[in-house]
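Student: Quick check, what structure comes out for this input:
(chains A and B)
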Amino acid sequence: MNTTPELPVPISYIAGNYFVFSVDAATFLRREHNICGVLTGTLPQVPQQNVFTGLPLELMPEEARLLVEKGVACIVDEVNFQKQGMRSLVEEDRKKYLQELESQGLETMQLQMRRKERQRDASLKKIEEKKAAAKAKKAEAKEDTTADAPTVAEDSVVSLFADSGEPSSHISSRRPSTLGSIEPMGITPPVSHPPLPQQPPAKHLLPLPEVQSSYPLFAHLHSKGYFLCPGLRFGCQYLAYPGDPLRFHSHFLVVSTEWDEQLDLMTVISGGRLGTGVKKGFLIGGANKNVEESDGAGSNVRTFSIEWAGM
Amino acid sequence: MADLDEAAINNPSSDAGQIEVDLSDETQDFRMLNSLSFLADTNDLSLPKRGEKDFEPNPTLFQADILSASRQAMHSALSYPRLHNPKNKVIGVYAPNGPAPPPDPKLDLISEDAPTERPAPTTSIGVSLTTCVYVANPKGGLFKTIGQADRWNRIWLLPEEALYLLERGSLDIRWPRGAVGDGGEHNIEDSGIPMSLQAAYASFIGHSGLTMEKFSVYTGLRRLGYAVFRAPGWSQSDNDTDGTACSTEPSEEGQLAMRQGPGLAGIFKRFLQWLQDSPSTTAAMGPLIGFGFHRGYNHLFRKLALIPYYDPVTASPSRAELPYTVALHIYKPSTHIRKSALPDPDFRIAVVNARTDTDMPTLSQIGSLLESTPLEPPASNKPLYVRLKNGYRNVILAVVDQGVVSYLRIADAAFGKEKIFDAQAPLRGNKLRGPPRNKFKKR
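Tutor: Numbers count the residues shown, from 1 in each chain, chains lettered A, B, ... in the order given. Next up, the predicted model:
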């Protein structure tokens, strides 16, 4: 799990959105760079629910930009990269790729069959054991009336061992024949590498993502170690978490403002009340555009947290 | 503790004890997913309880261990492969240039005149032009509510349908020969190379008006079991061609309502109305209730109703503008659906991007959006508050912020049409039984 993908991590730009498709990249960004994104895909193992979602990871433009500025990611024009990349595949690559997939498919198929057999073995054993137990019970019941009960019980024990031994020997003899003729499992790979190269050619790279005016505040909070997620559910711009949202509750509802912006008092009050009501602080902040950033991201940003005093 | 507080946002009334928590509202601990035995039994799958979370990080090893276990669980859940057992594998082929007939020389005659005719948004093979994946061997229950069949028994899929099926591991989509440099540009035969999830997103998002916001809503609802179909207002260009179909629907209803007015019964009703009102028609300056016969309070109350109110029944339909158009039609899982003849949808959804449309829609935008939906008056036997809540027309706004979706229901309530004094009338007749009780208990 703690693998570091090859840097820079390619971020796919598709129709105005930023995606990460590789599992390793997604967990790496989360672990090392406090970037969570939003998992928007369906998990194939449990497809009919919305609690746990899977890849791809959708990144906010702010997150994408931050990663590019840090030098850990690059933006790829995925649509054209895919189209041209696939078209320029050579016959050889295609064949190699297909063979690779087939061998992977065979492997998983074998794995699954073995697992199934193991399960069947286990359940067979259970049934046998149950039978044996029932027999033993009967024998015990008989013991009261007849004198030669112990021999019966002994018999059952012997038969138990014989039975449990049998199926496994059956299977071991059957296995080679079944494995020889199996068809490979079809696989839908999560990423297009291979057959396409891991790092796209420079002509498919895109410039820095366009971001909203809230970006300085975003970068500032991120540099302070906060994890930021979209804040739609609480009517704010970002939710700020003190640690990984997997394990921690968010602390702040973040709303970005311009430096000289006139704030409606009602906004402050409603934000403060809502934030306090859900045990979070309401945080407003913005960058002073007249002051140059002296050191690091967002050093010219000021933030205020508002709490409903409820006197 | 904070769990409850976050839940309180969802139901402010917070009837103690039965607070319903939407687990998908927050990032869940993926360790909980491990309690689902996804490989073995599929029949006793139950969703996990929400995990305990800590307030803030501390430098203990204990916390670090839990966190890394959570991440490990997340990693393994995300890396679960999409496998297709050869026994029940369904294969689709991507057709980037839209639907085309199979490359059978015998059938060329039919296909030749396809591009010239193009009468509706369907080709001569009978499927929508915006489809882009065909499945030659459709198997499984999912195709009951997905796809359109052509003459050769192939099912054509819209981009969102194809992407959803691929994502949930139910469909193996292949690149066509034309797209992998093997054969001509328009060759859409199966090349045998499976499309990755990444390639599928790159190919389908942005295809025929499918934005990521719409796809988030589509797949979110599909995952919950709803059947989801495109509505006429899917995209503005579609809306232009289908504009007539879109606007006639509500206007028909409106006309129906208007027609009911001047019918024979309507004339009689008006006559009665006139009888009631005319004896004391007062001048603009005069008293509201002049002299005359006043039989009961109803009469007086009707006189006092001076302020004109909005009547959703007679509202004139106007054209809705993107993004405030009905983009998706939703059917509950219980609704019986035939793809060829879709019934009236259970819900209508307009999809809004919270990043680009940051303002609350204007009254005229909401108005035209509501007017583009058919009239669904509340049942008259329902209690007052249920009727007000139901409204005369309704639509659901799905607001999407970077993959996070919130649903808002907007209904056209008609307070003016609820005559409180009329409803109370029957109780007043029997004077011997004491003072009238309020019929409308607050629910």
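Student: Now do A:Ala219 against chain B, distance only.
Tutor: The span separating A:Ala219 from chain B equals 17 Å under the rule CB to the nearest CB, to the nearest Å. The C-beta positions use only the backbone N, C-alpha and C, and glycine is treated the same way.
Student: So A:His222 lies in a strand, does it not?
Tutor: No. Residue state for A:His222 (DSSP: H, G, I helix; E, B strand; the rest coil) corresponds to helix; a strand is not indicated.
Student: which residue sits closest to A:Phe21, ignoring its sequence neighbours?
Tutor: With CB to CB, 6 or more residues apart in numbering or on different chains as the criterion, A:Phe21 has its nearest non-adjacent residue at 4.2 Å, and that residue is B:Gln198.
Student: Need the contact partners of the helix or strand harbouring the one you found.
Tutor: Take DSSP states H and E as the rule and B:Gln198 turns out to sit in helix B:197-204. The set of residues that contact helix B:197-204 without belonging to it, under CB atoms under 8 Å, 6 or more residues apart in numbering or on different chains, is A:12, A:14, A:19, A:21, A:41, A:55-56, A:78-79, A:81-83, A:86, A:188-192, B:82, B:94, B:96, B:132, B:159-160, B:162-163, B:166-167, B:173, B:175, B:195, B:210.
Student: Closest residue of the stretch 201-350 of chain B to chain A?
Tutor: Relative to chain A, the nearest point of the stretch 201-350 of chain B is B:Gly206 (3.3 Å; CB to the nearest CB).
Student: and that residue, what does it touch?
Tutor: When contacts are counted by CB under 8 Å, 6+ apart, B:Gly206 touches A:Ile14, A:Ala15, A:Val79.
Student: give me that answer again for 6 Å
Tutor: With contacts defined as CB atoms under 6 Å, 6 or more residues apart in numbering or on different chains, the neighbours of B:Gly206 are A:Ala15.
Student: quick one: it and A:Gln82, what's the gap?
Tutor: Here the criterion is CB to CB, to the nearest Å. By it, B:Gly206 lies 12 Å from A:Gln82.
Student: End to end on stretch B:306-313, go ahead and measure it.
Tutor: The first and final residues of stretch B:306-313 sit 20 Å from each other (CA to CA, to the nearest Å).
Student: Stretch B:139-153 near chain A at all?
Tutor: No. Stretch B:139-153 stays out of contact with chain A when judged by CB under 6 Å from any CB of the partner chain, the minimum separation being 10.0 Å.
Student: What mean pLDDT does that stretch get?
Tutor: Confidence for stretch B:139-153, expressed as mean pLDDT, is 81.
Student: got the contact list for that stretch?
Tutor: B:Val90, B:Pro102, B:Ile125, B:Gly126, B:Val127, B:Ile155, B:Trp156, B:Leu157, B:Glu161, B:Ser170, B:Ala227, B:Ile337.
Student: burial count for B:Lys417?
Tutor: Number of residues near B:Lys417 (other CB atoms under 10 Å in any protein chain shown) recorded here: 16.
Student: Leaving out the residues flanking it, which one is nearest to it?
Tutor: Taking CB to CB, 6+ apart as the measure, B:Lys417 lies nearest to B:Asp311, with 6.5 Å between them; neighbours along the chain are not counted.
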